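Attaching a predicted model along with its sequence, questions to come.
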Amino acid sequence: MGHGVQITELPGIGRRYDVELGRPDRRVSVIVRKDGTRDLYVFTSTQEEPTAVLELTEERARKLSAVLSETFFEG
Amino acid sequence: MHSELFGLGALILVAGLLARGGRRLGLPSVPLFMAAGILFGPSTPGPVLIEHPEDLTLLASIGLVLLLFHIGIEFPVEQVLGSGRRLLVAAGSYIGLNIAAGLAVGFALGWGVPEAFVIAGAMGISSSAIATKLLIELRRLTNAETPVILGIIVLEDLFLAFYLALISPILTEADSALELIGDVATSFGFLAALFLLARFGARAVGMLVDSHEDDLVAVLMFGLVALVAGLSQEVGVSEAIGALMIGLVLSRTSLNERIERIVLPLRDVFAAVFFVVFGLTIDVGDLAAVAVPVAFAVVATGVMNTISGVIAARVFGFNQRSAANIGLTIFGRGEFSLILATLAIGAGLDDRIGPFVALYVLVLAILAPVLAARSRDIARVLPLWLMRPGWRFVEEETITTACAHLDQIRVTRTDVDVCPDCVELDDDWVELRMCLFCGYVGCCDDSRNHHATGHFENSGHAIIRSIEPGGDWRYCYVDGTLVQEPLGRRPATSS
């Protein structure tokens, strides 16, 4: 954990985390804004523009992260 | 005749709806709030929701105070102190050029010296709100120039504090030079006193507003902010400085994040009231009279922003695309320009300042998002000689710092000035590239043999640079993008 995550301060907006996914042509950057909103930048091709940008509220980001980390339980 | 409450409610609701509609088109909110005020104001034909804007003065000044208080509370002191020489050069040239252009326009108008200084400030300081929203909407948060843009905005906020202190004596009518000097001294003395309070007395101030309950913190905070802002008005310094400085004081306390959160909705509402009330005082008829000077001002701002974008890009080693992105993202004017105009009107300066700033802000509000989205086309027309001459072929590309292969960089220089593989084949090449992992030198993709790309395909070494004279751009094959190391110290990643 923690390796391959690079952090950049974005003054006035929040912090940016660039996550190394160990595979070429795949990158994810997460921007955590001060108000809790997360911007998920997904790059899946060698295009310079992101393939997708998802704007998530704090609550939805938690839900997504719970699913990703297998801590989400039904019911 | 409507009741005041009815008029205010209707007007703010309409302003909110207008802003929401504008957001769909990518227009910023601040100018639309103002536009709602203009359209439904007493001096504009058509429906009038508020007959006497002066009745709302107190509400509007709460908006002004909270806007500046919020800047103070979220001001990143550490980042400013550690911002480094290059950012100071970039922000300094941006502010210097724009203030100079503003002074030139202001003096050319011949409305008076204090008026010229107000216009310089209104033209010189860009809107943080517009720039931040543009970066998010245009999906540019991973671009290499984005931290630079945000850094310039932060330094602009700092400059705003000094500029307010500088012009507040000009806004009060001093009879003699001696009196003026005295006023400037009072102004900066008050600023210094609040700085000292921020440095040494923050704890005590924190205890004054602290409570377990958020509602009480909100009440105590609001009272303190209004009190300090009013106090600075009493001593002849503008309420704007007092509000900003008390924000800075509270940002040094342990309450800082809670207050930042609590004040936000309050600020949003009252700031909207402030912008709407500013609009109420504007007569549509007056806008036509200032159209020509505003056109000059817009052109001047455009030229200065482009130049300072190029300067910033040169200092940081960016390309044309980044230069255009920097210059155009901070092209919008909004909250600060309206604050300065309000202070000027309050001080009884030339009343053409109101319509001038209103029209200027409206025009830039439409131009800024449109041009920022087209920065690629503008990058194309920026001549090569303006930037580093060696940055050929890459002027329109985005540079990113979000590349996960930057840790592959081992070798950055070489004395090889031929393509060894081409020499072996007895062939020719166009430009040379160097692998930053092993130092291999090969020819570019415009050359017949594509040796540099071939090297990546065989070895997987991701990052190359151009070793043409002046051509120090770096490209990552895997991410397919121009890359650059992030600015400043990168926090260590822990495991």
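That came through, no problem.

thought residue B:312 was touching residue B:90?
Yes: Residue B:312 lies in contact with residue B:90 (Cβ atoms under 8 Å); the separation is 3.7 Å. Just so you know, the C-beta spots here come from the backbone N, C-alpha and C atoms, and that holds for glycine as well.

what about chain A, any weak spots by pLDDT?
In the predicted model, chain A carries pLDDT under 70 at residues A:1-3, A:22-25, A:46-47, A:74-75.

Now for the spatially most central residue of it: which residues touch it?
When Cα atoms, centre = their mean is applied to chain A, the residue found nearest the centroid is residue A:30 (2.9 Å). Neighbour list for residue A:30: A:16, A:17, A:19, A:38, A:39, A:40, A:41 [criterion: Cβ atoms under 8 Å, 6 or more residues apart in numbering or on different chains].

Mind checking which of those residues are buried?
A:16, A:17, A:38, A:39, A:40, A:41 (16 or more other Cβ atoms under 10 Å in any protein chain shown).

what bridges to the second one?
What that stands for is residue A:17. Beta bridges link residue A:17 to residue A:7, residue A:30, judged by DSSP bridges.

and what of the fourth one?
Applying DSSP bridges to residue A:39 yields these beta-bridge partners: residue A:31, residue A:55.

wait, isn't it in contact with residue B:141?
Yes: Residue A:39 is in contact with residue B:141 according to Cβ under 8 Å; the separation is 6.1 Å.

Quick check: neighbours shared by these two?
residue A:31.

any common contacting residues for residue B:312 and residue B:90?
B:148, B:152, B:326.

What about these, which are in helices?
B:148, B:152, B:326 (DSSP state H).

Now flag whichever of the contacts of residue A:30 is closest to residue B:161.
Closest approach to residue B:161 among these (Cβ to Cβ): residue A:16, at 27.2 Å.

The closest one: what's it in contact with?
A:7, A:8, A:9, A:10, A:29, A:30, A:31, A:32, B:141, B:142, B:402 are the contacts of residue A:16 under Cβ under 8 Å, 6+ apart.

want to throw those residues into JSON lines with distance to residue B:77?
Shown next, in JSON lines, are these (distance: Cβ to Cβ, whole Å):
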{"residue": "A:7", "distance to residue B:77": "20"}
{"residue": "A:8", "distance to residue B:77": "19"}
{"residue": "A:9", "distance to residue B:77": "13"}
{"residue": "A:10", "distance to residue B:77": "16"}
{"residue": "A:29", "distance to residue B:77": "27"}
{"residue": "A:30", "distance to residue B:77": "26"}
{"residue": "A:31", "distance to residue B:77": "22"}
{"residue": "A:32", "distance to residue B:77": "21"}
{"residue": "B:141", "distance to residue B:77": "23"}
{"residue": "B:142", "distance to residue B:77": "26"}
{"residue": "B:402", "distance to residue B:77": "27"}
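
Tell me the buried residues within those residues.
So, by 16+ other Cβ under 10 Å, the buried ones in the contacts of residue A:16 are A:8, A:9, A:10, A:29, A:30, A:31, A:32, B:141, B:142, B:402.

wait, what's in contact with the fourth one?
Contact analysis of residue A:29 by Cβ under 8 Å, 6+ apart lists A:16, A:17, A:18, A:19, A:40, A:41, A:43, B:141, B:142, B:402.

As JSON lines, those residues with distance to residue B:180 would be great.
Below are those laid out as JSON lines (distance: Cβ to Cβ, whole Å):
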{"residue": "A:16", "distance to residue B:180": "46"}
{"residue": "A:17", "distance to residue B:180": "51"}
{"residue": "A:18", "distance to residue B:180": "52"}
{"residue": "A:19", "distance to residue B:180": "57"}
{"residue": "A:40", "distance to residue B:180": "54"}
{"residue": "A:41", "distance to residue B:180": "52"}
{"residue": "A:43", "distance to residue B:180": "57"}
{"residue": "B:141", "distance to residue B:180": "45"}
{"residue": "B:142", "distance to residue B:180": "49"}
{"residue": "B:402", "distance to residue B:180": "51"}
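
Residue B:147 reaches residue A:12, doesn't it?
No: with contacts defined as Cβ under 8 Å, residue B:147 does not count as touching residue A:12, sitting 10.4 Å away.

And residue B:363, which helix or strand is it part of?
helix B:353-373 (DSSP states H and E).

Please read the previous query as pertaining to residue B:313.
Residue-wise, residue B:313 maps onto helix B:291-316 under DSSP H and E.

The residue nearest to residue B:443 when sequence neighbours are not counted and residue B:364, how far apart?
Leaving out its chain neighbours, the residue that sits closest to residue B:443 by Cβ to Cβ, 6 or more residues apart in numbering or on different chains is residue B:429, at 3.5 Å. Distance of residue B:429 to residue B:364, given as Cβ to Cβ, to the nearest Å: 47 Å.

wait, which of the contacts of residue A:16 is closest to residue B:380?
Nearest to residue B:380 among the contacts of residue A:16, with distances taken as Cβ to Cβ, is residue B:142, at 22.2 Å.

tell me the contacts of that closest one?
Applying Cβ under 8 Å, 6+ apart, one finds that residue B:142 lies in contact with A:16, A:18, A:29, A:41, A:50, B:400, B:401, B:402.

Widest-spaced pair of these?
A:50 and B:401, at 13.9 Å, using Cβ to Cβ across the contacts of residue B:142.

Now for residue 56, how many residues are close by?
Went with chain A since none was named. 17 (other Cβ atoms under 10 Å in any protein chain shown).

Switch to chain B, please.
Neighbour number of residue B:56 under other Cβ under 10 Å is 22.

got it, and residue B:208?
Residue B:208: 13 neighbours (other Cβ under 10 Å).

what helix or strand does it sit in?
Using DSSP H and E, residue B:208 falls in helix B:202-209.

can you give me how far that helix is from the chain middle?
Put simply, helix B:202-209 sits 31 Å off its chain's centre (Cα atoms, centre = their mean, to the nearest Å).

Could you do stretch B:479-487 as well?
23 Å.

Which residue is the nearest non-sequential neighbour of residue 26?
As the question left the chain open, I've gone with chain A. residue A:44 (5.9 Å).

please go with chain B instead
The shortest distance from residue B:26 to any non-neighbouring residue, by Cβ to Cβ, 6+ apart, is to residue B:369 (4.9 Å).

which residues touch the one you found?
B:26, B:27, B:28, B:130, B:134, B:137, B:332.

all strands of the chain, in order?
You didn't say which chain, so I picked chain A. A:5-10, A:14-20, A:27-33, A:38-43, A:52-56 (DSSP state E).

wait, chain B
B:399-400, B:432-435, B:441-443, B:463-466, B:474-476, B:481-483.
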